[in-house]
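Engineer: All I have is the shape, not the residue letters:
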């Protein structure tokens, strides 16, 4: 409830133009479809992206996110639809004439050129003088903290350094739109987490519009202004990270972003202040009413693991169930509990380790699992 | 495999060899090493030894390396006269230079023809690519000699090329192509073209498509991408292909014998003449040894150059 309110309260300077229905999008993707033979990789996508956004296209491999990115870069021509960048139709402009640049998943640094030559390459292609191009390349290398590595060849750099060279090379031409294909995919976990914030810092410094393709939902949550979740060539949901996480519209999104416990049930009774859903695994569950549902309709209740409370004493919450602790995973600041309900169903709960210090819960204990009526999100598909 | 290496005879053999200073690794390397020793180094030294002798009418037709002097001591009879003659006699020098020139021009044309073919095959989608590669290798299934003979049919006075050019009115008198250096070069380019295409193909096909896309993305037109990215990255393939054409072309004997004329001077023919017409084995051996060094020196230099530029990885 609280989160809902803070999300709608305007910020001091609202930098979220997607909330303003009158704002003009910077990039407009309209009905874009891409077919390879009989296979439809991207299926009629409509999407507006605004200037200065860091937009993440998130999805499992094969969902069409990379194909969409490659159409934005010009490597693939859409079968149907149009791509408007700053009001201009881009769909048939060849890649070397587009005001976009791309950072490749493999980085695609030219192995026969030094770091500096790699970064200068784009500038020289637009006819900039060598000396000026070298200065600009140096500025760019300073931004990614590699100014001392200009004379090295790519194979003499570490993975993280190569990633930064690729970013510098893609940014040096000051593109209107920067496309990043799994920019952090080749880095190890620790480096990836550091680099996420580095990427956001650079994006905020330059104000360039970024579109990032990733399969890593944590990465998308950390860096994105908005996320577009893709599945089977289509966009399933577009929203801010918090919206996507707290208010998923489908079971797929709820399951894809973070962990979730899903319970199938039928709407049993509805009143203005509460409604009851009859589930197979939990029995009757009391929830906040959702408009537009009919009695007897099949719905799914999505419960995030951190929304569940555990206790030895019987709680007062309306939704409370007995369960057996099967497994406890200690993760440092969090502990993950795997609980077996009376009906045999497994659920997952995440609790902060500190909150458990007073009333420790361990394996093979019978405990109470409870959640508030506001904790569950009702999904219809 | 483990069962084998755990077995008793295996362990005993390994231990025995270990005592003698052989590990499994050296034994594996020993096989190709032995091959090189028996089929390259030993013949090379035999040839080198013959090149230091003098021709005599005997069997074998060269003087022995060791002899008893009249006072009973052992003499080593080696002289470098053959090598001096190679340097001083303009026939040999011209033959070497002419061979290098013909091999060079042929290699250049093989590269100019082979590169686009290799590039096209490397960028072709899968079923077509295999068929095209097969077509490149297909001529090997016919005798090399027959294929060179076939070129006579094309190039001779009443051959296909002349007939066609006369018929279309491009020329009004037949061109003389047979028994010329041109015919030899055509023969060499034709014969060795697959050796140019295959290494180039192997090189081009392993270049990541993302390099070309990155270049286009950064604003390079297809031509600029080719010149600044594709071509420099295919240098190892170009060098490998040129070596495979240039080296055998220098010593080529059959093609100049069949297609060349009296004024096509190539070292392979000189070598043949020394061995079989003049029966001067020591001179022929010297010719062969010098040719070997002429070929090996640039190969080693190029390999070193590639290593230094970091392209050979």
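Structural biologist: Cool, the structure landed. Computed from a prediction, not measured in an experiment: that's the story for all the values here. Numbers count the residues shown, from 1 in each chain, chains lettered A, B, ... in the order given.

Engineer: Residue A:101 contacts residue A:176, doesn't it?
Structural biologist: No. Contact criterion C-beta atoms under 8 Å: residue A:101 and residue A:176 do not qualify, at 9.1 Å. Where you see a C-beta, it was placed from the backbone N, CA and C, and this is true even at glycine.

Engineer: Tell me which of these two has more neighbours.
Structural biologist: For residue A:101 versus residue A:176, neighbours defined as other C-beta atoms under 10 Å in any protein chain shown are more numerous around residue A:101 (25 against 17).

Engineer: does residue A:66 really touch residue A:181, like I thought?
Structural biologist: Yes. Counting by C-beta under 8 Å, residue A:181 is a contact partner of residue A:66 at 6.1 Å.

Engineer: Look up the residues that both of those two are in contact with.
Structural biologist: Counting by C-beta atoms under 8 Å, 6 or more residues apart in numbering or on different chains, the common neighbours of residue A:66 and residue A:181 are residue A:213.

Engineer: mind checking the SS state of residue A:284?
Structural biologist: strand (DSSP: H, G, I helix; E, B strand; the rest coil).

Engineer: So it is in contact with residue A:278, correct?
Structural biologist: Yes. If you go by C-beta under 8 Å, residue A:284 and residue A:278 touch, sitting 5.5 Å apart.

Engineer: Common neighbours of those two, please.
Structural biologist: Common contact partners of residue A:284 and residue A:278 (C-beta under 8 Å, 6+ apart): residue A:268.

Engineer: for the stretch 201-313 of chain B, what are the low-confidence residue spans?
Structural biologist: Per-residue confidence for the stretch 201-313 of chain B (pLDDT under 70) gives these ranges: B:310-313.

Engineer: how distant is the longest helix anywhere in chain B from the center of its chain?
Structural biologist: Secondary structure of chain B per DSSP state H: the longest helix is helix B:90-122. The offset between the C-alpha centroid of helix B:90-122 and the centroid of the whole chain comes to 11 Å, using C-alpha atoms, centre = their mean, to the nearest Å.

Engineer: now for that helix, which elements pack on it?
Structural biologist: When contacts are defined as 3 or more C-beta pairs under 8 Å, 6 or more residues apart in numbering or on different chains; DSSP states H and E, helix B:90-122 sits against helix B:81-88, helix B:126-137, helix B:181-205, helix B:235-250, helix B:267-272, helix B:281-309.

Engineer: Adding mean neighbour count and distance to chain A as columns, could you present those in JSON lines?
Structural biologist: Listed next are these as JSON lines, based on neighbours: other C-beta atoms under 10 Å in any protein chain shown; distance: least, C-beta to the nearest C-beta, whole Å:
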{"stretch": "helix B:81-88", "mean neighbour count": "15", "distance to chain A": "41"}
{"stretch": "helix B:126-137", "mean neighbour count": "12", "distance to chain A": "14"}
{"stretch": "helix B:181-205", "mean neighbour count": "22", "distance to chain A": "13"}
{"stretch": "helix B:235-250", "mean neighbour count": "21", "distance to chain A": "8"}
{"stretch": "helix B:267-272", "mean neighbour count": "20", "distance to chain A": "36"}
{"stretch": "helix B:281-309", "mean neighbour count": "16", "distance to chain A": "8"}
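
Engineer: between those helices, which gets nearest to residue B:71?
Structural biologist: Closest to residue B:71 of the helices and strands packed on helix B:90-122, according to C-beta to C-beta: helix B:81-88, at 24.5 Å.

Engineer: Hmm, residue A:296 is touching residue A:270, no?
Structural biologist: No. When contacts are counted by C-beta under 8 Å, residue A:296 is not listed as touching residue A:270 (10.8 Å).

Engineer: Those two - which one has more neighbours?
Structural biologist: Ranked by neighbour count (other C-beta under 10 Å), residue A:296 and residue A:270 place residue A:270 first, with 17 against 9.

Engineer: For that one, which non-adjacent residue is closest in space?
Structural biologist: What sits nearest to residue A:270 in space, not counting adjacent residues and going by C-beta to C-beta, 6 or more residues apart in numbering or on different chains, is residue A:289, at 5.7 Å.

Engineer: which parts of the host helix or strand of residue A:167 are buried?
Structural biologist: Here residue A:167 sits within helix A:159-171, counting by DSSP states H and E. Neighbour counts using 16 or more other C-beta atoms under 10 Å in any protein chain shown place A:160-171 of helix A:159-171 among the buried residues.

Engineer: Give me the residue at the spatial middle of chain A.
Structural biologist: Among the residues of chain A, the one closest to the centroid is residue A:220, at 3.1 Å (C-alpha atoms, centre = their mean).

Engineer: Identify the spatial nearest neighbour of that residue, chain neighbours not counted.
Structural biologist: The shortest distance from residue A:220 to any non-neighbouring residue, by C-beta to C-beta, 6+ apart, is to residue A:56 (4.0 Å).

Engineer: Tell me who's in contact with the residue of the stretch 151-300 of chain A found nearest chain B.
Structural biologist: Among the residues of the stretch 151-300 of chain A, residue A:153 lies nearest to chain B; the distance is 6.1 Å by C-beta to the nearest C-beta. Residue A:153 is in contact with A:111-115, B:310, counting by C-beta under 8 Å, 6+ apart.

Engineer: Kindly provide the distance from the residue nearest to residue A:124 when sequence neighbours are not counted to residue A:176.
Structural biologist: Spatial nearest neighbour of residue A:124, chain neighbours left out: residue A:133 (5.6 Å); criterion: C-beta to C-beta, 6+ apart. As judged by C-beta to C-beta, to the nearest Å, residue A:133 and residue A:176 stand 20 Å apart.

Engineer: How about residue A:350?
Structural biologist: On the measure of C-beta to C-beta, residue A:350 and residue A:176 end up 41 Å apart.

Engineer: Could you do residue A:72 as well?
Structural biologist: From residue A:72 across to residue A:176, the span is 11 Å (C-beta to C-beta).

Engineer: Show me the common contact partners of these two, please.
Structural biologist: Residues touching both residue A:72 and residue A:176 (C-beta under 8 Å, 6+ apart): residue A:100.

Engineer: Would you mind naming what in chain A lies close to chain B?
Structural biologist: Proximity of chain A to chain B (C-beta under 8 Å from any C-beta of the partner chain) is limited to residues A:73-75, A:94-98, A:100-102, A:104-106, A:108-112, A:121-122, A:125-126, A:153, A:155, A:169-170, A:173.

Engineer: Tell me which entries of the residues you listed lie within strands.
Structural biologist: Mapping the residues of chain A next to chain B onto strands (DSSP state E) picks out A:100-102.

Engineer: mind listing what residue B:46 touches?
Structural biologist: With C-beta under 8 Å, 6+ apart as the criterion, no residue contacts residue B:46.
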